[in-house]
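A.B. asks: Sequence isn't available, so here's the structure alone:
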């Protein structure tokens with residue numbers, strides 16, 4: 001450190017690069033923990049001019065006044081972090097508006113409005129496959145399957161937290177109505193973490209008749225219950241921050257699932273009759289896998305059912321990526 005800040009005429013020695021790495025690492029840590037809901041890489045792509053600014057500071061004063069250069073660079077980084085988060089949130093909001101063809105009317109005509117009604121009901125009609133995107137900030141999410149005879153693609157109720165708008169939802173149908181895209185996003189407003197009613201509550205049900213690709217992101221102080229046992233989910237992506245997650249994976253079909261978590265408490269149930277391969281990647285995570293049902297392979301982070309290779313059309317491929325999470329993977333009786 002003394003060499004780095006030597007005031008005897010030495011150059012600063014590319015101090016701007018370590019500072020950028022420190023700032024970027026801090027932002028990525030906040031994102032992985034679910035404390036900020038922005039794409040850091042998209043934001044960095046917009047604010048890359050920060051790099052030549054720091055280079056210019058070093059070239060201008062770094063050679064003669066190393067200590068001053070370090071302080072100026074630190075000040076720039078500290079001021080830039082809130083700007084990065086702010087611009088990232090603005091970019092996310094602007095990219096979300098107007099980019100979906102929305103259908104919230106009974107005659108299936110297209111609209112450009114987003115519904116904030118406390119209930120969602122969308123007919124299954126001619127839909128053959130669907131994509132569901134869920135973005136929950138703070139609150140509870142309970143998701144399960146509709147009865148097999150239900151005429152709905154999705155049905156459910158929303159409750160907004162105190163001081164907040166109701167969640168926004170939109171449904172788009174494309175390719176002659178055979179492909180549906182559903183998107184639900186938390187309402188705006190302020191959270192009162194001292195109030196029990198500050199979080200939202202979503203109770204949703206999906207049709208078990210068609211394949212549904214699902215993408216869920218939940219922030220801090222969230223409780224998520226996903227019962228996908230009776231659903232057909234070929235692709236599943238779940239990303240949670242400091243949350244509690246209970247995930248029941250599908251009993252039928254081939255499911256490729258990825259679960260990413262920060263400081264979360266996660267329980268994953270796999271139907272005992274459904275073969276599975278489980279890959280785990282965790283830094284300081286505590287991961288427990290039922291090795292009686294999913295023996296560990298030669299690789300220390302891979303677990304696999306004995307009948308996995310013989311069931312290409314009815315199995316689960318699960319990848320778990322965690323930071324400080326506690327994860328338990330269980331084999332449960334099929335319902």
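C.D. replies: Arrived safely, thanks for sending. Predicted model only: the values in this text are computed from it and were never measured. Numbers count the residues shown, from 1 in each chain.
A.B. asks: So, low pLDDT: which residues of the stretch 151-300 of the chain?
C.D. replies: 162-163, 189-198, 220-221, 283-284, 299 (pLDDT under 70).
A.B. asks: What are the boundaries of the strands in it?
C.D. replies: Counting by DSSP state E, counting those that start in this stretch, the stretch 151-300 of the chain has strands at residues 152-159, 168-174, 179-185, 200-206, 212-218, 222-227, 235-240, 243-248, 255-261, 265-271, 276-282, 286-289.
A.B. asks: Can I get the ones you listed in JSON lines including distance to residue 117 and mean neighbour count?
C.D. replies: For every residue, glycine as well, the C-beta is placed using N, CA and C. Listed next are the strands of the stretch 151-300 of the chain as JSON lines, based on distance: least, CB to CB, whole Å; neighbours: other CB atoms under 10 Å:
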{"stretch": "strand 152-159", "distance to residue 117": "8", "mean neighbour count": "20"}
{"stretch": "strand 168-174", "distance to residue 117": "8", "mean neighbour count": "20"}
{"stretch": "strand 179-185", "distance to residue 117": "12", "mean neighbour count": "21"}
{"stretch": "strand 200-206", "distance to residue 117": "13", "mean neighbour count": "21"}
{"stretch": "strand 212-218", "distance to residue 117": "21", "mean neighbour count": "22"}
{"stretch": "strand 222-227", "distance to residue 117": "22", "mean neighbour count": "20"}
{"stretch": "strand 235-240", "distance to residue 117": "26", "mean neighbour count": "21"}
{"stretch": "strand 243-248", "distance to residue 117": "26", "mean neighbour count": "20"}
{"stretch": "strand 255-261", "distance to residue 117": "31", "mean neighbour count": "22"}
{"stretch": "strand 265-271", "distance to residue 117": "32", "mean neighbour count": "21"}
{"stretch": "strand 276-282", "distance to residue 117": "38", "mean neighbour count": "19"}
{"stretch": "strand 286-289", "distance to residue 117": "40", "mean neighbour count": "16"}
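A.B. asks: Output these as CSV; include the columns distance to residue 310.
C.D. replies: Output for these, formatted as CSV (distance: least, CB to CB, whole Å):
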stretch, distance to residue 310
strand 152-159, 33
strand 168-174, 37
strand 179-185, 32
strand 200-206, 29
strand 212-218, 26
strand 222-227, 27
strand 235-240, 22
strand 243-248, 23
strand 255-261, 17
strand 265-271, 16
strand 276-282, 13
strand 286-289, 21
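A.B. asks: looking at the ones you listed, which is closest to residue 25?
C.D. replies: strand 255-261 (17.2 Å; CB to CB).
A.B. asks: Quick check, residue 129 in contact with residue 207.
C.D. replies: No - Residue 129 is not in contact with residue 207 according to CB atoms under 8 Å; the separation is 10.7 Å.
A.B. asks: the more surrounded of these two?
C.D. replies: residue 207 (24 against 14; other CB atoms under 10 Å).
A.B. asks: wait, isn't the more buried one in contact with residue 147?
C.D. replies: No - Residue 207 is beyond contact range of residue 147, at 9.4 Å (criterion: CB under 8 Å).
A.B. asks: how close does residue 297 sit to residue 256?
C.D. replies: 18 Å (CB to CB, to the nearest Å).
A.B. asks: Now do residue 117 against residue 159, distance only.
C.D. replies: On the measure of CB to CB, residue 117 and residue 159 end up 12 Å apart.
A.B. asks: what does residue 65 give?
C.D. replies: 58 Å.
A.B. asks: for residue 278, same thing?
C.D. replies: On the measure of CB to CB, residue 278 and residue 159 end up 35 Å apart.
A.B. asks: Residue 208 now?
C.D. replies: Taken as CB to CB, the span from residue 208 to residue 159 is 25 Å.
A.B. asks: ok, residue 53 - contacts?
C.D. replies: Residue 53 makes contact with residue 76, according to CB atoms under 8 Å, 6 or more residues apart in numbering.
A.B. asks: helix/strand/coil for it?
C.D. replies: helix (DSSP: H, G, I helix; E, B strand; the rest coil).
A.B. asks: I'm done for today, thanks for sticking with me.
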